[in-house]
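**Student:** 3D model of this:
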Amino acid sequence: MTSRDAALPAASAVRKWAGVAAGAVLASVGLEMFLIPHRIVVGGLTGISALFSHFTGMRLGLFLFMFNLPFVLLGYRKVVKRYGARGIFSILLFSAGVFALHPAPMLTMNPLLASLMGGSCLGLGIGWVLRFGGFLDLSDYVVGRISQSWARYGLYGLNGALILVTGWLIGWEQSFYSLVAYVLALWWMGAGLNGSLMTRTLWIESVRAEEIVEVLQKSLNRKATPLPPESRGGEVPVVLCTVNRLEEARARALVRMIDGEAVIGVASGREPPVCDARTRRRQKK
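**Tutor:** Take a look at the predicted model:
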């Protein structure tokens, strides 16, 4: 193993910890500097904590910690097994960030703009945290544990009921802004989790496909799918990996480190893969 190979796991770990930290901080900014000052409530334990904070006058960060801690302790082994130390770290940093930002002034007096900006920040932050191996809310953990669609739709229903309760207790104007923030948070969470705003699919033809799959998953935290040669009528395995456009250069570099002779094609959206000039020359041989 070369020094560059040995550095890959360490660099990947640093990237994941940094991604979790950035997501937790961004989510706490969305809550305390946009949503909470305008009494805008989103779903999950975060939304329940916001309601308790509103009616008791106690800080939101305290309720986030109090409500999440019992579930984390009761399922500590499962949480650590699934998320590792980053799962505990993400919740603690999120709660601490919300607590620390409580004295900061709101960034806008317009409630609609606050719902737009707050929902976007919260959703993108949650997506980053989930993508890099953490979670900020018990609902994230439940959905991750139960893959059936009924669990996801049941969670949507509970969050919708929470927004209705917000309208009844606080006001229907706040309920409307809460719905806007919740929908935006869902959309941006998907964007942060999957990088779906601008993605490209790499088609990698290499005799070292298994090593490339492992490196892409560890270094970029992206799912890489190996295809057997028989599936395309060729002799060399192919790896499919969807990455963000900003990650493409790094993904190519990682592949070249493993196999300098790998053939790399690129597809954007549903377009067929397009190979570069060097790839075309090798395919003609």
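**Student:** please name the nearest non-neighbouring residue to residue 192.
**Tutor:** Once flanking residues are discounted, residue 192 sits nearest to residue 127: 2.2 Å by CB to CB, 6 or more residues apart in numbering. All C-beta atoms are positioned from the backbone trio N, CA, C, and that covers glycine.
**Student:** which strands and helices sit next to whichever strand or helix holds that neighbour?
**Tutor:** Element membership of residue 127 [criterion: DSSP states H and E] is helix 111-131. Applying 3 or more CB pairs under 8 Å, 6 or more residues apart in numbering; DSSP states H and E, one finds that helix 111-131 makes contact with helix 3-30, helix 138-145, helix 172-194.
**Student:** so which bits of the last one are buried?
**Tutor:** Just to be clear, that refers to helix 172-194. Neighbour-count burial for helix 172-194, with 16 or more other CB atoms under 10 Å as criterion, is recorded at 174-182, 184-194.
**Student:** can you check stretch 218-235 too?
**Tutor:** Neighbour-count burial for stretch 218-235 [16+ other CB under 10 Å]: 218, 219, 220, 222, 224, 226.
**Student:** in helices, which of the residues you listed appear?
**Tutor:** Among those, the members found in helices (DSSP state H) are 218, 219, 220.
**Student:** any stretches of the protein with poor pLDDT?
**Tutor:** Along the chain, segments meeting pLDDT under 70 span 1-10, 71-84, 138-152, 193-199, 230-234, 244-246, 267-285.
**Student:** so where do the helices sit in the stretch 151-285 of the chain?
**Tutor:** For the stretch 151-285 of the chain, the helices defined by DSSP state H, counting those that start in this stretch cover 172-194, 209-220, 248-258, 277-284.
**Student:** out of the ones you listed, which is closest to residue 46?
**Tutor:** Nearest to residue 46, of all the helices of the stretch 151-285 of the chain, is helix 172-194, at 9.6 Å by CB to CB.
**Student:** quick check: beta-bridge partners of the closest residue to residue 217 other than its chain neighbours?
**Tutor:** Spatial nearest neighbour of residue 217, excluding adjacent residues (CB to CB, 6+ apart): residue 224 at 5.8 Å. Counting by DSSP bridges, residue 224 forms beta bridges with residue 241.
**Student:** wait, residue 224 sits on residue 240?
**Tutor:** Yes: assessed by CB atoms under 8 Å, residue 224 is found in contact with residue 240 at 7.0 Å.
**Student:** ok so, going back, number of residues surrounding the residue nearest to residue 192?
**Tutor:** 25 (other CB atoms under 10 Å).
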